[in-house]
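Engineer: pasting the structure only:
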């Protein structure tokens, strides 16, 4: 049973516009969330995180929003650039399972010039 | 430069053979992990180790084995018991095993078994 879900397998946006990637979770015990970015044939790289005590965290063009009541988080990229084209994974550590990260299935973002 | 090195990048094996994937890190991280990625799917945890000489099964450990004799090294053996071994394998490390410390990933090994 997937505890972290990314329901959109792909997203296409125009360069300069906003990209919004969504993530839903079912485990109400999750208290920390991370986003990773992955290029083909490479390992994922950490992008941004958010603690459940916050509802927003911003780092340059990247902002993550957390809605605990809806068990939903989203990653906003503004403005989107062609180099942002990659697969984005959201993840959360399971505190009752050795803090191991549970990953969503990923969303492939394509930013068109 | 500190990082995680996985070798080889591509590996081909015949069905029924065991194969060992290498993972080395020089980040002085305590925790190391092995994940598997299949097309269109997220990363699934195979094994993890939070300290030398100790490791734990992840969600899909069947058909795999690991060792952690040195802090820097966490090799993964894909045995003939693994039903669907063809996949992209990712090794990762983190400073500690708290879950809040970001994982640093290697560039992966693509294993093809025919």
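Structural biologist: Now that the structure is in, tell me what you want to look at. Owing to the predicted nature of the structure, the values given are computational and were not obtained by experimental measurement.
Engineer: List the residues that contact the residue most central in space within chain B.
Structural biologist: Most central in chain B under CA atoms, centre = their mean is residue B:34, positioned 2.8 Å from the mean C-alpha point. Contact analysis of residue B:34 by CB atoms under 8 Å, 6 or more residues apart in numbering or on different chains lists B:23, B:45-48, B:58, B:64, B:66, B:74, B:76, B:89-92. (Glycine included, C-beta is placed from N, CA and C.)
Engineer: Quick check: neighbours of the helix or strand containing it in the sheet, parallel or antiparallel?
Structural biologist: Using DSSP states H and E, residue B:34 maps to strand B:31-37. Counting by DSSP bridges, the strands paired with strand B:31-37 are strand B:43-51 (antiparallel), strand B:87-94 (antiparallel).
Engineer: Point out the most buried one among those strands.
Structural biologist: Stretch with highest mean neighbour count among the strands paired with strand B:31-37: strand B:87-94 (a mean of 24; mean count of other CB atoms under 10 Å in any protein chain shown).
Engineer: For the following helix or strand past that strand, name the packing helices and strands.
Structural biologist: Following strand B:87-94 in sequence order, the next helix or strand is strand B:104-105 (DSSP H and E). Secondary-structure packing of strand B:104-105 (3 or more CB pairs under 8 Å, 6 or more residues apart in numbering or on different chains; DSSP states H and E): strand B:87-94.
Engineer: Contacts for the strand it packs on next, please.
Structural biologist: A:43-44, B:4, B:6, B:21, B:23, B:25, B:27, B:29-38, B:43, B:46, B:74, B:76, B:78, B:101-106, B:108-111.
Engineer: 6 Å - rerun?
Structural biologist: Residues outside strand B:87-94 that contact it (CB atoms under 6 Å, 6 or more residues apart in numbering or on different chains): A:43, B:4, B:6, B:21, B:23, B:25, B:27, B:29, B:31-38, B:101, B:103-106, B:108-110.
Engineer: what mean pLDDT does it have?
Structural biologist: Across strand B:87-94, pLDDT averages out at 95.
Engineer: again, but for stretch A:98-110
Structural biologist: 91.
Engineer: wait, does the lowest-mean-pLDDT helix or strand in chain A make contact with chain B?
Structural biologist: When each helix and strand of chain A is scored by mean pLDDT, DSSP states H and E, strand A:100-103 comes last, with a mean of 90. Yes. Counting by CB under 6 Å from any CB of the partner chain, chain B is contacted by strand A:100-103 at A:100, A:103.
Engineer: Around chain B, which positions in chain A sit nearby?
Structural biologist: A:32, A:42-44, A:46, A:93, A:99-100, A:103-106.
Engineer: Closest one to residue B:97 out of these, please.
Structural biologist: Nearest to residue B:97, judged by CB to CB, of the residues of chain A next to chain B is residue A:99 at 5.7 Å.
Engineer: Cool, thanks, signing off.
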